[in-house]
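# just the structure for this:
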Amino acid sequence: MVDLLIHCKMTKEEIGKQIETLRKECGVSTYELEKNGIHPSLPATIEKGQKGYSMDSLIKYLNAIDEDIFLSVGKKENKKT
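Now for the predicted structure:
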């Protein structure tokens with residue numbers, strides 16, 4: 001299983017970079033994503049944090065990586081002193 005942790009203070013660019021790292025760690029090329037039905041422009045759009053993709057597209061992209069991905073979205077914990 002691969003963990004993808006996203007917290008509320010992250011920018012789309014930071015999220016995209018994590019997703020790109022995840023894809024590369026899984027050994028999946030953008031060509032392989034295209035063979036799995038992903039539009040050629042979608043990987044760059046997501047990985048560069050650009051506007052113009054839906055949650056459905058993101059889920060389709062992550063499914064095309066074909067890994068067991070654990071996506072965690074949560075609030076960053078504040079430490080009280």
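
# quick check: residue 65 touching residue 21?
No - counting by C-beta atoms under 8 Å, residue 65 sits too far from residue 21 to count as a contact (11.7 Å). (C-beta placed from N, C-alpha, C; glycine too.)

# who has more neighbours out of the two?
residue 65 (20 against 12; other C-beta atoms under 10 Å).

# next one: the more buried one from residue 53, what distance?
Distance, residue 65 to residue 53, by C-beta to C-beta, to the nearest Å: 15 Å.

# ditto for residue 20
14 Å.

# same deal with residue 14?
According to C-beta to C-beta, residue 14 stands 16 Å off from residue 53.

# just checking, which helix or strand of the chain averages the lowest pLDDT?
strand 2-7 (a mean of 64; mean pLDDT, DSSP states H and E).

# what's the following helix or strand after that one?
Using DSSP states H and E, the next helix or strand after strand 2-7 towards the C-terminus is helix 12-25.

# flag every buried residue along that next one.
Of the residues in helix 12-25, 15, 16, 18, 19, 20, 22, 23 count as buried by neighbour count, 16 or more other C-beta atoms under 10 Å.

# which residues touch the most centrally placed residue in the chain?
Nearest residue to the geometric centre of the chain (C-alpha atoms, centre = their mean): residue 19, 3.3 Å. Taking C-beta atoms under 8 Å, 6 or more residues apart in numbering as the criterion, residue 19 is in contact with 4, 46, 47, 61, 62.
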